[in-house]
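K.L.:
need a structure here:
(chains A and B)
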Amino acid sequence: MVVASCAVVVAGVLSIGLDVHAMWTVRSAPSSDLEIRIIRRGDWWQLDYARGPLFVTSANELHLPAAERVTLAYSGKTPLRIPNTICLPRGANRCVVVAAVPARFLRRDLPIVVQSRADFDRWLANEVRPANVSPIAASMFRNDGCAYCHVIRGVVNEPSTVAPDLTHFASRATIAASGLPNRRGQLTGWVVHSRGVKPKSEMPDNAMRPAALHAVVSLLESLH
Amino acid sequence: MELHPHEQLTIGCFRAFVTLSAMCVLLGSGALFFAWRYTTPHDPPPGYLGSPQRGEMLVSRYGCAACHVMPGEAPRGLVGPPLSHFGSRSYIAGLFPNQPIDLQQWLQHPQSMKPGTAMPNLGMSERDARDVAAYLATLK
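P.N.:
Now for the predicted structure:
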């Protein structure tokens, strides 16, 4: 009885201590004007990064600078749980987090990459650039149906809310918002018959001629 | 110190319980080990030089299951033919006899062996191809 009540008290003090520590971390971290909007769309994630005048849309892999205050805006009721951080509320559907150390969190549906400020800035600068695609690959992307749902900035520029942005697809570690590694075997199967990999996927089957299939896979692999 | 009979009985029961539990754990883990040892293929089938266990690990690394139905793999790929009984098949890709050398070559260079096939070159090293071939050959 005594032991149990002691354990409860210790646990309570510890959790309050951790909360206070986290709040203190959030308050003492340098602020930044980075705001990330996290939008759940069907079975994938749209991620909008805004910093001052800079704005870019990405998908399915959340990048955060370490040890810096970042505003998260999210759709839906519950904020996204990010390991080792707490979400301090800032109005409706917004909060501020500070991710502690550079790390990779392999959430199954949304991998989170916490980077040093320099690495994050390099990543963001690359993300803002439109893709460098050859004219042949660009016309294939436009004409073979990919562009009905997907966007590669530099090829198709109207934003889409139907399917993930693919502008820098090759720089992501996973595909399909499902934790599947971004390698050629997995990617080829995914492009042809996505429901074989993820039963609830909304991407239609693409049983194209093998030459076209390999061209599409090469295009995706070139989008660094 | 002299113990009361009921205390001796309690201690005796406790000892018997601990001994029995330990024996159960030992026997159980022994049985599990032997089940594992004799149901998973540890030796490559005749003619194959690679390691089937490493091959099985590589199958999920290279993502074979994204296109092929594989035993025990989660995605159920329907893009290419199922490989569940590949070791009993006569031909590879309808073109080559199902033999160690042909299978390794096929795994490494499908595009040059059968130009225009939907199976992509996966950049598989020679060692990896040997191990994957040894694993596929165990799927009788």
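
K.L.:
List the contacts of stretch B:131-140.
P.N.:
Residues outside stretch B:131-140 that contact it (C-beta atoms under 8 Å, 6 or more residues apart in numbering or on different chains): B:41, B:44-45, B:47-56, B:58-59, B:62, B:64, B:71, B:83-88, B:100, B:103-104, B:107, B:124. Placement of C-beta: from N, CA and C, glycine included.

K.L.:
check the residues you listed against chain A, which are close?
P.N.:
For chain A, the contacts drawn from those by C-beta under 8 Å from any C-beta of the partner chain are B:62, B:64.

K.L.:
Make a ChimeraX selection of the buried ones in the contacts of stretch B:131-140.
P.N.:
In ChimeraX, this line selects whichever of the contacts of stretch B:131-140 come out buried by 16 or more other C-beta atoms under 10 Å in any protein chain shown:
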select /B:41,44,45,48,50,51,52,53,54,55,56,58,59,62,64,83,86,87,100,103,104,107,124
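
K.L.:
Looking at the contacts of stretch B:131-140, which are in helices?
P.N.:
B:52-56, B:58-59, B:62, B:100, B:103-104, B:107 (DSSP state H).

K.L.:
which of the residues you listed sit farthest apart?
P.N.:
B:62 and B:100 (18.5 Å; C-beta to C-beta).

K.L.:
hang on, the earlier thing: pLDDT and distance to residue B:9 added to the ones in helices among the contacts of stretch B:131-140, as CSV?
P.N.:
Below are the ones in helices among the contacts of stretch B:131-140 laid out as CSV (pLDDT from 0 to 100; distance: C-beta to C-beta, whole Å):
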residue, pLDDT, distance to residue B:9
B:52, 94, 54
B:53, 93, 51
B:54, 94, 55
B:55, 95, 57
B:56, 93, 53
B:58, 96, 58
B:59, 94, 57
B:62, 95, 62
B:100, 95, 67
B:103, 97, 67
B:104, 96, 68
B:107, 97, 67
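
K.L.:
ok, residue A:193 to residue B:14 distance?
P.N.:
60 Å (C-beta to C-beta, to the nearest Å).

K.L.:
So between the two, which is more surrounded?
P.N.:
residue A:193 (23 against 10; other C-beta atoms under 10 Å in any protein chain shown).

K.L.:
List the contacts of that one.
P.N.:
Listed by C-beta under 8 Å, 6+ apart, the contact set of residue A:193 reads A:205, A:207, B:67, B:77-79.

K.L.:
Run a quick neighbour tally on the residue lying closest to residue B:85 once chain neighbours are set aside.
P.N.:
Nearest residue to residue B:85 in three dimensions, chain neighbours excluded: residue B:139, at 5.9 Å (C-beta to C-beta, 6 or more residues apart in numbering or on different chains). Number of residues near residue B:139 (other C-beta under 10 Å) recorded here: 19.

K.L.:
what secondary structure does residue B:139 sit in?
P.N.:
coil (DSSP: H, G, I helix; E, B strand; the rest coil).

K.L.:
try residue A:65
P.N.:
Classification of residue A:65 by three-state DSSP places it in strand.

K.L.:
For it, grab the count of nearby residues.
P.N.:
22.

K.L.:
in the sheet, who's paired with it?
P.N.:
Per DSSP bridges, the residues bridged to residue A:65 are residue A:115.

K.L.:
thought it was touching residue A:122?
P.N.:
No: using C-beta atoms under 8 Å, residue A:65 is not in contact with residue A:122; the gap is 11.0 Å.
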